[in-house]
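Following is a predicted model, sequence given first.
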Amino acid sequence: MQVEVLEQQQRLFEKETPDTIRAAESLALTYHSQGKLKEAEKMLVEVLEQRQRLFGKDNPDAIRAAANLAVTYHSQGKWKEAEEMEVEVLEQWQKLFGKDRESYTSVVRSQATENYSIPTA
């Protein structure tokens with residue numbers, strides 16, 4: 001169903017409208033939850049590039065897209081890419097909101113929890 005929604009939005013509207021990008025992100029997150037990590041990664045890279053191009057690198061939606069991509073890298077065992085993306089996300093979030101913001105603390109806590117759950121296989 002999400003694939004159909006995305007395809008219809010891309011046919012009816014421009015490919016880079018906020019709604020179309022949101023639909024692509026939603027589908028990518030569904031792919032991730034289904035274990036289709038390569039498909040999720042490909043779509044999340046596109047979502048990140050589109051959001052950064054349209055709204056700038058420091059836009060909260062672009063930062064969230066980068067965080068989603070970092071989680072996907074992590075899930076694939078791409079530790080270096082995940083770490084680089086997570087550091088970038090934290091730096092952008094801090095730049096945008098400052099260290100004292102509750103949302104920044106939430107991101108740091110989330111990333112720290114995720115980092116400590118890395119399997120050692």
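Alright, I've got the coordinates.

Please count neighbours and contacts with C-alpha atoms only from this point.
Will do.

pLDDT below threshold where in the chain?
1-15, 100-121 (pLDDT under 70).

what about the helices in it?
According to DSSP state H, the chain carries its helices in the segments 2-12, 18-33, 37-55, 60-75, 79-97, 102-116.

Most tightly packed of the ones you listed?
Highest mean neighbour count among those (mean count of other Cα atoms under 10 Å): helix 60-75, with a mean of 22.

packing partners for that one?
The contact analysis (3 or more Cα pairs under 8 Å, 6 or more residues apart in numbering; DSSP states H and E) places helix 60-75 against helix 37-55, helix 79-97.

Would you convert the ones you listed into CSV that also reports distance to Leu69?
As requested, the helices and strands packed on helix 60-75 are arranged in CSV below (distance: least, Cα to Cα, whole Å):
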stretch, distance to Leu69
helix 37-55, 6
helix 79-97, 8
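
so which of those helices gets nearest Val71?
Set against Val71 and scored by Cα to Cα, those come closest in helix 79-97, at 6.8 Å.

which helices and strands does that closest one pack with?
Looks like helix 79-97 contacts helix 60-75, helix 102-116 (3+ Cα pairs under 8 Å, 6+ apart).
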